[in-house]
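Participant: below: sequence and its predicted model.
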Amino acid sequence: MDFKDLSPELREKAKACKTPEDMLTLAKAEGYKPLRGRACGRVGGR
């Protein structure tokens, strides 16, 4: 999912997150399932 696809309200909440843990807590509260490991930060799945 791309940041631009989020609702304006959710974008503001995401911008207010100070740490990755805050972002993870927000994502879980909004019903998103995080990727396992560091897959989201890797290019080409390596």
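Facilitator: Alright, I've got the coordinates. Numbering: from 1, shown residues only.
Participant: from here on, contacts and neighbour counts on C-alpha atoms
Facilitator: Fine.
Participant: what's stretch 3-22 in contact with?
Facilitator: Stretch 3-22 is touched from outside by Met23, Leu26, with contacts defined as Cα atoms under 8 Å, 6 or more residues apart in numbering.
Participant: list the buried residues for that stretch?
Facilitator: Neighbour counts over stretch 3-22 (16 or more other Cα atoms under 10 Å) mark Ala14 as buried.
Participant: for stretch 24-35, same thing?
Facilitator: Leu24, Leu26.
Participant: may I have that stretch as CSV, with CA atoms only?
Facilitator: The C-alpha atoms that make up stretch 24-35 are tabulated as CSV, following Å, rounded to 0.1, in the frame of the first residue of the first chain:
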residue,chain,number,x,y,z
LEU,A,24,3.3,-0.5,14.0
THR,A,25,0.8,0.1,16.8
LEU,A,26,-1.3,2.4,14.5
ALA,A,27,-1.2,-0.1,11.7
LYS,A,28,-2.4,-2.9,14.0
ALA,A,29,-5.2,-0.6,15.4
GLU,A,30,-6.3,0.1,11.9
GLY,A,31,-6.5,-3.5,11.0
TYR,A,32,-3.3,-3.8,8.8
LYS,A,33,-1.1,-6.8,9.1
PRO,A,34,2.6,-6.0,9.1
LEU,A,35,5.0,-7.9,6.9
